[in-house]
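# give me the fold of what follows.
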Amino acid sequence: MTGQEEAVTRTEGQEVQAFLDEIFKTAVMEKLNQFFLSKGFYSSESDFKADLKEMWFGLYSRSKGAAMDSSGFEHVFHGEVKSGKVSGFHNWVHYYELEKSGQINYLSYSYDGPWTSYPDIMAFQYRWTGYLKSVGSFFIGSSPEFDIAVYTLCYKTRPDRLCTLSLGGKSAQIQTYSWTNSEYGAGQHYLASSYPNTP
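Take a look at the predicted model:
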């Protein structure tokens, strides 16, 4: 729920660091790191990793300053309830786990991408513990590091607009948004949202 203060415990901080350490061992994150270094976005992998941690996990307020209640990771990978509706929630693994436990009520789909293998892109309408998500799009069959890599690539190279890329020989578009109400570092903005754009 937006408006409720997030308390990041020491254990949660360690979990975030362990997650980052693991995804930075993967080929997709290594490829993204090499791309960013070659283009001068970062001077080292450690600089990239530190920035990625802030942009995705740094806390900000989606409740007009009432509480430090959100982060890019929470919004994109977990989802939030704001003004009685589901906001964010662009991760198939979380969706799958909640549907399996009976917390998601699938209503319909509005888009099934042209891919015949994974990852694919789909858009659904559903209820999450009674709260409606009128259209929610996400990759299906992708790994968390793939999602982080694609969303971060588009966020850093095409912030606040559509980013077109090729996925399995087919065109896909990612929409990114910056959180412009607060900053970290020297004019850096937290990631507000990132998701596959669907017709």
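# nearest spatial neighbour of the residue nearest the centre of the chain, chain-adjacent residues omitted?
The centroid of the chain falls nearest to residue 76 when counting by Cα atoms, centre = their mean (3.5 Å). Excluding its sequence neighbours, the residue lying closest to residue 76 (Cβ to Cβ, 6 or more residues apart in numbering) is residue 90, at 5.0 Å. Placement of C-beta: from N, CA and C, glycine included.
# what helix or strand is the one you found on?
Using DSSP states H and E, residue 90 sits within no helix or strand.
# how about it, what does it touch?
76, 77, 79, 136, 137, 138, 147, 193, 194, 195, 196 (Cβ atoms under 8 Å, 6 or more residues apart in numbering).
# how about the residue nearest to the centre of the chain, phi and psi?
In terms of degrees, to the nearest 10, the main-chain angles of residue 76 are phi -80, psi -50.
# from memory residue 4 sits against residue 67, does it?
Yes. Between residue 4 and residue 67 there is a contact under Cβ atoms under 8 Å: 6.0 Å.
# how much space between the residue nearest to residue 89 when sequence neighbours are not counted and residue 197?
Once flanking residues are discounted, residue 89 sits nearest to residue 79: 2.7 Å by Cβ to Cβ, 6+ apart. Residue 79 is 18 Å from residue 197, where distance means Cβ to Cβ, to the nearest Å.
# neighbour count: these two, which is higher?
residue 79 (21 against 16; other Cβ atoms under 10 Å).
# distance between the ends of stretch 179-189?
Distance across stretch 179-189, first residue to last, is 6 Å (Cα to Cα, to the nearest Å).
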